[in-house]
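K.L.:
just need the structure, nothing else, for what follows:
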Amino acid sequence: MVADGKVHAFNIRANLRSLFVVPPNHLRSLDAWRTLAMFWIILHHSILALAPKADLTSLRVISGFAAFRVFYHASFAVDIFFVLSGFLIGGIIIRELDRTGQINWLRFYGRRILRMLPIYYCVLLLTFFIVRFDLVRLPNESNIWANFLQINNFLPYRNQFMRWTWSLAIEEQFYLLCPILLFCVYRGGKVFFGSMVFLMASMISIHAFLLLHTGTPLYWSISHEIDFTAYSRYFDIIYDKPYIRFTSLFIGMLGAHFYEKGMIKKIFSRKHVGAFLTFSAALLLYSVFSFIDYRAGQETKNIFYLIFYREVFSCSILILIFSSLYFSPLKSIFSLGIFYPLFQLSYGAYLIHFTIARIILQNYFGPSIDLGFFTFMHVFLLSIVVFLMSLACALPLYLFVEKPIMNLRKKVFP
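P.N.:
This is a model prediction of the structure:
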């Protein structure tokens with residue numbers, strides 16, 4: 001029976017069909033959010049890949065395009081991923097605590113490990129050997145050990161291997177702590193809510209302290225020559241650290257609590273309330289972007305904005321996620337069938353996309369990249385190519401690694 005189960009787990013035809021078979025009770029709108037966030041990040045990283053030394057100065061020629069300015073700030077897309085992760089993982093644990101009052105620790109950690117790590121390690125080793133054989137230039141392959149331990153976000157930015165995987169390290173650190181935290185504080189609505197607010201307030205206070213006392217400005221414009229040392233310092237102190245980025249995950253967890261208690265469905269059952277919340281969230285998103293100063297040589301100096309902009313963005317996204325679940329105009333768009341297979345391939349595509357972008361640019365443009373003829377449309381088309389090639393590479397990863405392991409996971413940790 002076990003042997004039959006293993007054979008079935010690696011059934012390529014069945015795994016391919018699973019790309020298009022939506023399981024019951026699946027929240028289809030979330031697939032669209034993950035897919036759109038992934039494309040936003042791929043667009044951003046395609047732009048970064050255009051700068052061979054990652055100093056951003058060679059991008060001045062295309063930074064004047066308005067559309068470029070919006071798409072460039074894909075750090076917000078990472079917050080979308082964090083809100084989704086907090087919402088989904090928080091929901092899993094909250095349902096178990098409501099049902100049994102306990103957490104099956106072995107099952108939770110076992111399922112998380114089998115879901116996230118096999119394909120991650122596979123792509124990590126693949127990328128390592130691609131770099132070793134000089135097929136693509138990525139720095140710091142000797143620090144691959146930090147990626148294996150999921151602590152690469154604690155290395156200095158200049159020393160990280162596969163730098164785009166810092167967000168995955170933060171998610172793994174969250175998965176390690178999340179069930180322990182919920183087990184300790186989930187004792188009813190008021191206690192849980194108060195605990196989450198206290199934790200987020202503590203992290204916001206740390207963020208404020210670091211901003212005020214370390215002198216780490218946040219540059220939004222790349223139309224001037226950025227001091228890359230200052231940029232790396234901001235990254236090292238603030239940008240990729242869990243004590244700053246956990247707030248978006250906690251906001252997702254709070255959303256899971258309200259969702260599991262039926263409060264969100266009750267609120268959005270009133271159409272005028274749903275419309276008002278959707279409009280308000282969109283307005284908040286606009287306010288987040290309106291403070292960004294894109295003029296050459298400028299940086300965002302409003303300390304209040306710098307402290308709270310990610311939390312405002314994350315709360316807005318959470319409301320829009322709820323809108324896409326219950327508010328008909330958004331739900332009909334976000335529930336389109338095309339998003340489910342894209343969602344299934346999104347993790348593998350995210351892992352491989354930057355390597356693909358660098359391979360394309362390295363082989364097409366050679367060691368030096370002249371951007372004199374580039375327009376935003378060139379960058380956008382390049383991103384489409386990287387996106388499609390990432391999905392194409394993610395498909396065999398899904399069929400031969402990701403999905404078989406998930407099939408085995410169902411049998412080991414049902």
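K.L.:
for the rest of this, base every contact and every neighbour count on C-alpha atoms.
P.N.:
Will do.
K.L.:
tell me where the protein is predicted with low confidence.
P.N.:
In the predicted model of the chain, residues 1-7, 47-72, 187-189, 215-228, 291-301, 364-379 satisfy pLDDT under 70.
K.L.:
show me where the stretch 101-250 of the chain has helices.
P.N.:
105-132, 144-148, 166-185, 189-214, 228-234, 242-260 (DSSP state H, counting those that start in this stretch).
K.L.:
which of those sits most buried?
P.N.:
helix 242-260 (a mean of 23; mean count of other CA atoms under 10 Å).
K.L.:
ok, then the element right after it?
P.N.:
Moving toward the C-terminus from helix 242-260, the next helix or strand (DSSP states H and E) is helix 263-268.
K.L.:
quick revisit: compare the helices of the stretch 101-250 of the chain and give me the one nearest Ile41.
P.N.:
helix 166-185 (11.7 Å; CA to CA).
K.L.:
give the other helices and strands that that closest one contacts.
P.N.:
helix 75-100, helix 105-132, helix 189-214, helix 242-260 (3 or more CA pairs under 8 Å, 6 or more residues apart in numbering; DSSP states H and E).
K.L.:
out of these, which is closest to Trp40?
P.N.:
helix 75-100 (6.5 Å).
K.L.:
so what's the gap between that closest one and the chain middle?
P.N.:
Here the centre of helix 75-100 is set off from its chain's centre by 13 Å, with CA atoms, centre = their mean, to the nearest Å.
K.L.:
now that helix: buried residues?
P.N.:
For helix 75-100, the neighbour count (16 or more other CA atoms under 10 Å) marks 76-91, 93-95, 97 as buried.
K.L.:
likewise stretch 19-38?
P.N.:
For stretch 19-38, using 16+ other CA under 10 Å, the buried residues are Leu19, Arg28, Ser29, Leu30, Asp31, Ala32, Trp33, Arg34, Thr35, Leu36, Ala37, Met38.
K.L.:
what does it contact?
P.N.:
77-78, 80-81, 84, 321, 324-325, 331, 334-336, 339-344, 346, 350 (CA atoms under 8 Å, 6 or more residues apart in numbering).
K.L.:
pretty sure Ile405 is touching Asn15, no?
P.N.:
No. Ile405 is beyond contact range of Asn15, at 10.9 Å (criterion: CA atoms under 8 Å).
K.L.:
what touches both of these two?
P.N.:
Ala9.
K.L.:
any idea how far stretch 247-258 is from the chain center?
P.N.:
For stretch 247-258, the distance to the chain centre is 15 Å (CA atoms, centre = their mean).
K.L.:
my bad, should have said stretch 20-29
P.N.:
With CA atoms, centre = their mean, you get 20 Å for stretch 20-29.
K.L.:
quick one, phi psi at Pro23?
P.N.:
Per-residue torsions, Pro23: phi -70, psi 160 (degrees, to the nearest 10).
K.L.:
what does Gln160 give?
P.N.:
Phi and psi for Gln160, reported as degrees, to the nearest 10, are phi -80, psi 140.
K.L.:
just the buried residues of the contacts of stretch 19-38.
P.N.:
Buried members of these, scored by 16+ other CA under 10 Å, are 77-78, 80-81, 84, 321, 324-325, 331, 334-335, 339-344, 346, 350.
K.L.:
sort out for me which of those are in helices.
P.N.:
Among these, the ones falling in helices (DSSP state H) are 77-78, 80-81, 84, 321, 324-325, 331, 334, 339-344, 346, 350.
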